[in-house]
Each structure stands twice: as C-alpha cells, then as structure tokens.
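Asks: Return atomic coordinates for the entry below.
(2 chains)
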There are 2 protein chains.
Amino acid sequence: MTHPFPIAQDQPEPDASLLEPASEPGPQKEARAGRRARGGAESRRAARRGGAREQLGQIVRKIPCFEVMNDEALEIIEQNADTVLEEIGLEFRGDAEALALWKEAGCDVQGERVRFPRGLCRKLVTENAPRTFTQHARNPARSVEIGGDVTVFAPVYGPPFVSDLEQGRRYGTIEDFRNFVKLTYLAPALHHSGGTVCEPVDVPVNKRHLDMLYAHMRYSDKAFMGSVTAPERAKDSVAMAKILFGEDFVEQNTVMISLINANSPMVWDDTMVGALKTYARSNQAVICTPFILAGAMAPCTVAGTMTQTLAEALAGMALAQLVRPGAPVVFGSFASSMSMQSGAPTFGTPEPAMVLYGMGQLARRLRVPFRSGGGLCGSKAVDAQAAFETANTLLPTLLGGVNFALHGAGWLEGGLVSSYEKFMLDLDQLSMLHALAEGVDMSENGQAMDAIREVGPGKHFLGCSHTQANFQTAFWRSSIADNNSYEQWDSEGRLESPQRANKQWKQWLADYEAPPLDPGIDEALQDFIAKKKASMPDAFA
Amino acid sequence: MTHPFPIAQDQPEPDASLLEPASEPGPQKEARAGRRARGGAESRRAARRGGAREQLGQIVRKIPCFEVMNDEALEIIEQNADTVLEEIGLEFRGDAEALALWKEAGCDVQGERVRFPRGLCRKLVTENAPRTFTQHARNPARSVEIGGDVTVFAPVYGPPFVSDLEQGRRYGTIEDFRNFVKLTYLAPALHHSGGTVCEPVDVPVNKRHLDMLYAHMRYSDKAFMGSVTAPERAKDSVAMAKILFGEDFVEQNTVMISLINANSPMVWDDTMVGALKTYARSNQAVICTPFILAGAMAPCTVAGTMTQTLAEALAGMALAQLVRPGAPVVFGSFASSMSMQSGAPTFGTPEPAMVLYGMGQLARRLRVPFRSGGGLCGSKAVDAQAAFETANTLLPTLLGGVNFALHGAGWLEGGLVSSYEKFMLDLDQLSMLHALAEGVDMSENGQAMDAIREVGPGKHFLGCSHTQANFQTAFWRSSIADNNSYEQWDSEGRLESPQRANKQWKQWLADYEAPPLDPGIDEALQDFIAKKKASMPDAFA
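Replies: As a prediction, this is how the structure comes out:
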C-alpha cells in the first residue's frame, strides 16, 4: 500500500542540524516569499517545508543499554509476575467481552477476577505482537519506527494547567493546546506530536477529543495519539484518521498510538479496555502502561513495583493479541516514588530510574517495544530542582533503551502543568541525547592521529587542519545555554534559562506556518467534527 | 601501624541518614549541652561527633558500570596512545631528574622530548601501581578507599571567585575557604575535604597553601589534598601532614592525595613534575590528570581526546613508579568540550560524557583508580542550565565508575566560581547517587510478594504491613527539593531551589562545631606556619 502523502522530502540530516539549531536565527536571515529563509541548504529545505525547523529524526541508539539487573534477578521478577497472574489474578471490570476472551483462552474467570495459566500472557505476546512497527505520519518523512534501537520522543501528555513566565499558572485552553502542537511540530528533537499536550478545559469534555485530534492533524504533520477517555472517542479517533489517511490505508497500517493505563493495582477498567479493544481491532497501536505511584499503587520497593508492572502490562498486551493477533502493542512503565510524609509523587529520584532500567531489560526479553521515562519533575518552578529531576529521568530514558518516550518536553509540577519555558529547555536536552546516542566515532577522522602528529607537544589544536575540517560538527551545541563570559552575560541583563526559553518559544510561534493539508481533507475533517458536536449537548464532567 | 587517632566512632549508616537528612531539623530539635540535638539515635551520634551531619560513607557501587565502547575500540585507543608515546613522545620541561629517569628506563631522550618504547609506561604502571589504596583521614572513620568499586566525592577545586545570593560574585577569601571546608565537613555525601575549595586571594600566593592546609586539618577530620603550586609547597604539605599524623605514620601510609595536571598537549612541566616527585617519594598519592579543553588542547574528537589523555596520564603515572615503585597513583581525565564560536569551555555536553565513560573503561583495563567527573557546568547562575549540565556530568560520574571525583559540589561558571547555593544543591544530588549505587534490592522484603498478596486488585498499599514496615527507608528523600502542593509552595513565598539552598548553608555554618584536635598538634601546626610565613616576604603573583 503506498503512502497517501507521497510528497518528496529530504531525509533528516542530524549532524548538520545539531550544529545549526534552527531556533537560532543565522546571520543570513532574510525575508523571502513571505517566510523566514535561512542560510544555505538548511534554508532551502526550510523553505520547502513551510517553516518547520530542521528535524533531527528519531534517535537510533549506537550505544549499549545500561542494565541494572543481572539475568538471575530478571528471572525472579518474571517468575514473580507469573505468580501474581496465576495466584492473585487481575480484575477486568465492566467488560463482559474481555472476560469471555480470557475464559476462551483458558483462564480461570471468577466474576471479574481473571487468573491466568502460568506463561499464557507471555506466550500470547511473544508469539503474536510485533517486535517493532511503523507508525505512519501524514508526512512520510515523519513516520516513526517504534521498537528496536530507536527512541522516539513525544511531548508532555495530560496536564490540566499550563504556565509561562508572563501569565503564570492557569488552566489550559484549546489555544494553548494548539500552541504546544505547533511548537512540537517545529521542534527538531521531538519526533511525534503526542496526544493531550495539555487539557483544553475551555472545550466541553465530551467534544474535546475532536478539537485535539484536529489540532494534531491540521497544525502538524508528525504522528499523533488517539483519544482514550471513552470507547466512542476512540472510535471517533479512528474515523478521523480514516478521513486523513484514507480508509484502506488505516485498515492496513498503524497511524495512531494510544495510551492505555492500567488502574493499578491489578485492575483494567472498562474505559481503558474499551479503548484498547477499539484500537487493537483497527490495527492501531496501544501502550499498555501500569501508571504507578509506588507505595500507594504498588509495593514501596523497586522489585515489587517491577513485578506488578510486568504482570499488569503482560495482561494488557495479551488481551490486545486476543482481540487481534499481531496488533501492535507497547510495553509501558510509569513509576514514581512518593514522599512518605505527604504522599506527593516525587520525580528524578533513584528508585524510578532503577525501575526504568529494569523494565527496559524485561521488555527486551519479551521482544516488544518499551515506553517509559521522559522529562519528569516535581518542581513548581522552572528552576534547578526541575532540571536536576528532569535530567535524572531523561538520561535513563536514553540509556535504559526506551523506544517511545512521552513527556519528552514541557512536563512540570508532577505532570499538572505544561510549561512553555520548560518545553524549550527540555528540547535542548533531547537534542543533546541525539548526539550522545551516536556513541564514539572510531573512524580515522574520529581517531584524529594526524591531528596529534601535526600539532605535537606544547602547541594548540585550534588552527590545525583536522580542527579546521571538523570544527563545525565537532561538538553538540546547545541552542539555549549561555556560554558567554560573565561580563557579557552581566551586560546583557543576566538572563537565566527560563527567560531565554521564554524568548525562544515566542519567536517560534511567531515564525510558525502550518504544513500544507489537502483542502478537501480539511473540509471533511471539519464536517465530521461539526456533525459530532451537533449530535450531543455539551458536557463539562 | 596503628592509626594515630584511634577514636571510637560509629560506622556510617547510609540508610538511616538517607531517610533523615540531618540538614532538615526534626521536630525533636532542642538545645542540649550547647549544641543542637536531634531525635533518636541520630541525635545521640551527632552529639558525640560534635555536630557533624550523619555521614553517608563512601559509595560502594553495587550497580555495573556503563560501557560506551567495545573491546575493539578500546584496543585501538590503547594502540594509538602507544603510538603517540613512541613516535611523537612527550616533553618533560625543566626537570633534569625526570629526563634522567626516563633515559635510564630505556627511553629515547632528545633535549626535553622523551619517546617511550612501546608498552613501557603501561608495564611500569601495571607492574607497580596499586589497584586500590587507602587514604587515611585523621578520623579513622573518615579514611577512604580509592579504587575498585568505590566512589569518593570531594568538593570543587580551584575557583578564584565565590558567590552567594546576597553578596553575589566576588573574589574568594580565606574566610570563604574555611566556610567551604566547614560545609564539606558537615556534608553527609562528601567523603573528602578536597583541596583548593576556592582560592583565598586575600592571602599572599606564596603563603596561601599553609593557611589552606591548616583549614583542612583544623576544621575538618576528613581526608584532604596537598599543595601542588610549587615543589617546596608540596614539601610543606608533607611536613604539616607529619605534624598532624606523626612522621612514621606518613612514611608508611598515604594521608594526602594531590592533583598533578599535565600541560596538554603532551607536556609535563617542572612545577607539576616537581610536586609529583615530592609526593611519590613520600608515598603520597598523585592524580595524573590531562586537563583538556578538547579542540584546543587535544583533537576536537572524543577518540582523539581519549588517545591523548591516555598517553599523557600513562607517562605521568609511570614516572611516579620510576620515582618510587608502588607509589599510589590515580588515572585522571578532565575533558570539556568547547564552543567553537567563542572558544569558551562547555559542560554537560555529550562528548565529555563519552570521554568519561571510555576513560573509565581504559582505567579499569589498566587496573588503577580513576578520577574524573564531578558537578561541572558552565552556567553563570544557579539555574536550570546549571542543573542540567551538572546532572549530565554527575550521573556519568557514577555510572562510568569514577573512583575519585573532584568538583562534587559547588562548581559554577566553568570552575571560575565556588557557589554556596550550588554547593548545597549538588550535595543533594550526591546523596541521590548513594541510593542509586545500591542497585535493586532483591531480598524477600525487596520482592514484596507478600504485599501484593495482602493488597490484591483495586486496593491501595499505603496501609499494608509491608509498607508500614518499610516506609521510612523505602525511597531516597531529597533534603532540598520542594514536593509540597502548589498552593502550599505559593503561600510559603514561592521559593526556588537557590533560595532554599541559601537558607540551608547558612544554617549549617551556624550549627558548625569543629571536630576535636589535640592542642599540642594544633600548636605545632601553627608554629610551623608562623615560622614559614616569617621566613619569606609576601608575594602576590
């Protein structure tokens, strides 16, 4: 099946864009054909693309994964998870079809409690679920591979609030939602448009998903997520995707990925199972994620959290295989520690990092794509606490071999806030991870023996031919860090990171131009939304 | 040989102190015996210790190291380093004795250029240098093991400036120096008093080392570093150490470690070689560190920087073995990337992290302790940039298997500034690394199957017996992060991290009490210093 949007596109060129972050206007900046043009090849490509920043492309890891556990420990967790599934079982609430599917598969079903023969869920997953799959974007150059050595970053998901330096913290609106979709579209280091980049609380709850999906479809050409807040909203998501991609294409390809959270401990509820079934049936991907605040929704230990996460995720992924064998699934793990004094979730702490590393190992043993991590923090301000906590989650995200990372940019205050400034600072860190994932260049040029020979003792390398030939691509360059002298920084107003980020996101939104969309498709989407909205009264809860 | 200070001391109890960071005054706080007492066992121990915070003890890593390179790549670097040593050689400037030692060892010495037979330096190091050694502190409970699976953190080293929120950035004084020594003494997660915690520029250059050493000896009981700014100052350091520890003890034990930097590229100068010889002869440890701004002092590639670092460090460590076979040495690597636009060093970037991971692997193959990493950043403010950059160096410091980490706390602005607030924030991160290094608890209690059985589907774990039994030690707890609700944070004045850190360091200094020191020793140290100072005019350059 050919792609519905076979537009010629440049392949991403990571090195060039690492060096020239498009967020920094170059000296060659000029107005041309109604849009900002940039110097050289980058400017020509940007012009063709309608203003999107030069994209880095998904991360293909050339460095090994960090493995915190040995095989013996991993086997213990796997055995324990099987014991949970066999002996305690899980509840599937309010979904008779799911219970029937489990019974037919050989489970012991008592009321809503399902107990699984040892190894059944693992067998269903390993024998049916794909190791890796493509999620298609309407721009084929933006399609992403999910699984293997690839890491895909998507923006923050779910916050009811947004914040920026001028307006402070406030409820999110559909305008904020569109802004974050636009910024994500422009962001070189985000490979995916995500889903609920913030809650647009000014739109009725029962109609919100329509405007959210439309924003992803209209204001971006990156891959996006479907609605999961009710089975019928999942159906609307599939219907709109069919308008965008064509019915046949959606039947045969994965064009959406959706976040199906377990109701930990050990419960899958009808809303989530309903959405899971809808998507799996349509061959659309689901991320089965036990969302765990350890100590409340799982034991307060790393190994206990891992056991429960494995059991719950296995059952979710296996159910998808019962609904449609071969349905694309992602093994999700979201774990936070908690303050045992206040009960508040805490982020950037060592225990969730260990859960991430261990679950990554378990996912690889299960041979399914792995979702975890992101730029998580608990801080209320975009300060050092926010950055420390974020880095302590982001670095494990890459080193732990995460394949799909939600919350890659913008997450603040334990996920209650989508922050404009945090978003920009996180993007810079994601760009850094792209360079780290490249590993050590061991080519002749990388070894640089000629440079050492040319320079010799007591001289400097600045002017040598190797440095001259390599200086543009030698080091990753931050687009937001200030590396000027103290005196220059002082004379320029002593701007701290959030202030620089503030200038940057405003500039990006000012520069934004929507990617082209076939007017017929646009009209059809708008018609669908208008009819749906007219078919029911507004609901705000 | 028995330790000169056989004072009974509690062993550190990492778990308890992780849970109860002594920097958070407990509700049981009360005045007693002229000092702040704390609740329970911690208070009793603190009282006995004269106010020092409950110490965490050096990190013993139970997690594997992250290895960015495969064996083939490591062998290439080793071969290339041998080629540099054999073909290009290194210069040893202004030190006839070093040249004679090399000549005697079979090197080709032309003027000050020394070319080494292939494998000579490696052979000298592997056959003579200890894999691990103890650096004794005057308090035996504070002695540190350097090498193996241990990570020792020392504070920032070298900044001419200091800063805090009220007074801003200014030149360091001896009072600042003493303050940082005192804070380091109190800091649970710093295992070592370090060296030049800031430059006390109000003291003459030629007498500074005396006051600095005295501060480490008098205001702390942790292990410390010697002076390296001139060979005679190294001799003064050894002389003062002999007063403190006793002459015999120093002859037979390592009580100082000192930072010997190569003058990269490929030069060892007479100042550094003089200090190296002085310390090695006295069986005192030297850290041989090529201090490299890649692109200026080494090639602008990771592999090239690694090759040159290995060659330079090998020659330094080998020279120490020629001076005294078996002298304790540490393989040092300090590499920063640079802004190829401004020439400024940049930190927290991916290339230095890769150098760190790779050099750690090379040091382990050489079977010598490894020094690198720390809390490096280029930011001028204690902001998100500072924290991101720091975390991107600190996490590799642990995962890369660093044995001795300078700059563990307080480093700001590329090492130009010792920041009081950054110091406290870094301490918190170091405490986090202690917990991460513990790895996953796979005990029965860690596996927590009883908890999962007790709770079952749809309930919560907060009240279950496993959680009740474990909640005090379950999760690492930050001593400085704010995890309260937005509303509470807002009502308490919206303090950001540096402001909380500011309160903390002032409280610590207010609480500080010096550890006891034999008055006779104190007097002897002061006499030595007075005589030395009287023996020469002040010099300020």
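Asks: Can you tell me which residues in the stretch 201-350 of chain A are near chain B?
Replies: Residues of the stretch 201-350 of chain A found near chain B, taking CB under 8 Å from any CB of the partner chain as the criterion, are A:263, A:265-267, A:294-304, A:306-308, A:337-340, A:342-344, A:346, A:348-350. The C-beta positions use only the backbone N, C-alpha and C, and glycine is treated the same way.
Asks: Just the ones in helices from those residues, please.
Replies: Counting by DSSP state H, those place A:Val302, A:Ala303, A:Gly304, A:Met306, A:Thr307, A:Gln308, A:Pro350 in helices.
Asks: Take the residues you listed and write them to CSV, including pLDDT and distance to A:Gln58.
Replies: Formatted as CSV, those follow (pLDDT from 0 to 100; distance: CB to CB, whole Å):
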residue, pLDDT, distance to A:Gln58
A:Val302, 98, 29
A:Ala303, 98, 32
A:Gly304, 98, 33
A:Met306, 98, 27
A:Thr307, 98, 31
A:Gln308, 98, 30
A:Pro350, 98, 28
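Asks: Which of the residues you listed ranks first by neighbour count?
Replies: Within these, A:Met306 tops the neighbour count with 35 neighbours, counted by other CB atoms under 10 Å in any protein chain shown.
Asks: quick revisit: just the closest of the ones in helices among the residues of the stretch 201-350 of chain A next to chain B to chain B, please.
Replies: Each of these was scored against chain B by CB to the nearest CB, and A:Gly304 proved nearest at 3.0 Å.
Asks: helix, strand or coil for the closest residue to A:Ala223 other than its chain neighbours?
Replies: Among residues not flanking A:Ala223 along the chain, A:Ala137 sits closest, at 4.1 Å (CB to CB, 6 or more residues apart in numbering or on different chains). Three-state assignment for A:Ala137 (DSSP: H, G, I helix; E, B strand; the rest coil): coil.
Asks: Around A:Ala137, count how many other residues there are.
Replies: Counted with other CB under 10 Å, A:Ala137 comes out at 22.
Asks: Repeat that for A:Pro328.
Replies: 25.
Asks: now A:Glu86
Replies: Per other CB under 10 Å, the neighbour tally for A:Glu86 reads 18.
Asks: What strand or helix carries the nearest residue to it once chain neighbours are set aside?
Replies: Of all residues not flanking A:Glu86 in the chain, A:Arg118 sits nearest, at 5.1 Å (CB to CB, 6+ apart). Assigned by DSSP states H and E, A:Arg118 falls within no helix or strand.
Asks: quick one: contacts for A:Arg118?
Replies: A:Asp82, A:Leu85, A:Glu86 (CB atoms under 8 Å, 6 or more residues apart in numbering or on different chains).
Asks: what do you get for A:Ala353?
Replies: Applying CB under 8 Å, 6+ apart, the residues contacting A:Ala353 are A:Asn392, A:Thr393, A:Pro396, B:Leu436.
Asks: Run through who's touching the helix or strand harbouring A:Trp489.
Replies: Assigned by DSSP H and E, A:Trp489 belongs to helix A:486-491. Contact with helix A:486-491 is made by A:Asp482, A:Leu495, B:Arg169, B:Lys380, B:Glu413, B:Leu416, as judged by CB under 8 Å, 6+ apart.
Asks: Stretch A:531-539 now?
Replies: Taking CB under 8 Å, 6+ apart as the rule, stretch A:531-539 contacts A:Pro204, A:Val205, A:Asn206, A:Lys207, A:Leu210, A:Asp236.
Asks: picking up where we left off before, which pair of the contacts of helix A:486-491 spans the longest distance?
Replies: Across those, the longest distance by CB to CB is 18.5 Å; it joins A:Leu495 and B:Leu416.
Asks: is it true that A:Lys242 touches A:Val250?
Replies: Yes: with contact defined as CB atoms under 8 Å, A:Lys242 counts as touching A:Val250 (4.8 Å).
Asks: With neighbour numbers in mind, choose between these two.
Replies: Between A:Lys242 and A:Val250, counting by other CB under 10 Å, A:Val250 is the more crowded of the two (23 against 18).
Asks: Just list what the longest strand belonging to chain A packs against, helices and strands only.
Replies: If you go by DSSP state E, chain A has its longest strand at strand A:285-293. On a contact count with 3 or more CB pairs under 8 Å, 6 or more residues apart in numbering or on different chains; DSSP states H and E, strand A:285-293 meets strand A:256-262, helix A:270-281, helix A:302-323, strand A:329-332, strand A:334-338.
Asks: pLDDT weak spots in the stretch 301-450 of chain A?
Replies: Nowhere does the stretch 301-450 of chain A drop to pLDDT under 70.
Asks: could you redo the last one with a cut-off of 90?
Replies: A:340-343 (pLDDT under 90).
Asks: For it, which segments count as strands?
Replies: Taking DSSP state E, counting those that start in this stretch as the test, the strands found in the stretch 301-450 of chain A are A:329-332, A:334-338, A:345-346, A:370-371, A:404-405, A:411-412, A:417-419.
Asks: partners of the second one, with directions?
Replies: Which is strand A:334-338. strand A:285-293 (parallel), strand A:345-346 (antiparallel) (DSSP bridges).
Asks: how much space between the residue nearest to A:Ala223 and A:Ala105?
Replies: Applying CB to CB, to the nearest Å, the value for A:Ala137 to A:Ala105 is 34 Å.
Asks: for A:Gly326, same thing?
Replies: With distances taken as CB to CB, A:Gly326 is found 16 Å from A:Ala105.
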